[in-house]
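Asks: Build the 3D model from these lines:
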Amino acid sequence: MKPDVPDNLTEDAPDEPASEPAKNWPESRWGRWLHSLFVIPFFIALFGVILATLVYVVAADDRSINDYLEDIQTGRKSKRWQAAFELSKIFVNPDRVPGDHVFVPQVIALFDDETMRQEDPRVRQYLALAMGRSGIDGFYAPLMEGFHAAGADDRAVFIQALGYLGRTEAVDELHPYLQHAKAPMRLVTVIALGNIGARESIEHLLPLLSDAEPNVMWDAAVALAKLGDRSGREILLALMSREYYAQFGEVDAQERARAMVVAIQAAAGLGDSEMDAAIARLAKDDPNALVSNAARKALEHIGGRRTQ
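Replies: As a prediction, the model looks like this:
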């Protein structure tokens, strides 16, 4: 670092007398001593803290599954639900799901632990989401049992988990919730059925295209598109148009971008020329990078579909 130089010191200024301390104290004997004693150790310590933090983050990723399960089983109350929550996020990546034979029974035992369930229901709820996201068929029976045993306020979590799991046997149990009085329950059921992808759900989803709740109507169109049904094409076209959102003042820019991306992804698989053209326009002209990138990826998919 370049030392500070007083404004009145020029190249023609005389040297400082040897008996006087240098004006630029870091260059003096005492300045060098203080620099060695405090500044250098400080930066060494700072580097150590940064290195330790990086090591901890990497180690946390490496330890994740077994340690999180251990935290759920033996950790403090506040630590248990947080560990279950972390598992529900980790299993979004299928490569992180363990393949050993002890994993499934261990998770089921924690899921069925009555004492833990009474102490903090969140542990069971987040474990249900983790089990669903794992994609492991062995979790279907306990999740369905949990669905039947859950109270009205908790059942939505199990519907979501069953949707992640994707077992078509579940759809007959879920279809009645499309007529639920509460819009959030209808919404989570619509999304779950779209994820499961059973074509027998089409006739049950069609009435939701005129649902009074816009989110339910939008996701019904997306779910139908996932099932290969074009009945919601007008809704998807609207969702890919920025002008459409002017009537929904509560939808902010971030939410609008997410809705457009979901609509693009759903429309790309339908083979509809009008929707393909709308996607092409978004790829070229949309100002939001998230939306335009999604549209370009969709065009790649559309191009691949046409060459097959």
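
Asks: The residue sitting nearest the centre point of the chain sits in which helix or strand?
Replies: Closest to where the C-alpha atoms of the chain average out (C-alpha atoms, centre = their mean) is residue 89, at 7.2 Å. When elements are assigned from DSSP states H and E, residue 89 belongs to helix 77-90.

Asks: which phi and psi does residue 99 have?
Replies: With angles defined as degrees, to the nearest 10, residue 99 sits at phi -110, psi 0.

Asks: which residues does the nearest residue to residue 91 once chain neighbours are set aside contact?
Replies: Distances taken as C-beta to C-beta, 6 or more residues apart in numbering place residue 133 nearest to residue 91, at 3.9 Å, with adjacent residues excluded. C-beta here means a position set from N, CA and C on the backbone, and glycine is covered the same way. Counting by C-beta atoms under 8 Å, 6 or more residues apart in numbering, residue 133 touches 88, 91, 92, 161, 164.

Asks: Distance check, residue 133 against residue 96.
Replies: For residue 133, the distance to residue 96 (C-beta to C-beta, to the nearest Å) stands at 10 Å.

Asks: which other residues reach stretch 196-207?
Replies: Taking C-beta under 8 Å, 6+ apart as the rule, stretch 196-207 contacts 162-163, 166-168, 170-171, 174-175, 178, 190, 193, 220, 223-224, 226-229, 231.

Asks: Between the two ends of that stretch, what distance do you get?
Replies: End-to-end span of stretch 196-207 (C-alpha to C-alpha, to the nearest Å): 19 Å.

Asks: again with stretch 171-184
Replies: End-to-end span of stretch 171-184 (C-alpha to C-alpha): 18 Å.

Asks: What are the buried residues along it?
Replies: Neighbour-count burial for stretch 171-184, counted by 16 or more other C-beta atoms under 10 Å, picks out 171, 174, 175, 177, 178, 180.

Asks: And stretch 281-290, by the same measure?
Replies: Buried-residue list, stretch 281-290, by 16+ other C-beta under 10 Å: 282, 283, 286, 288.
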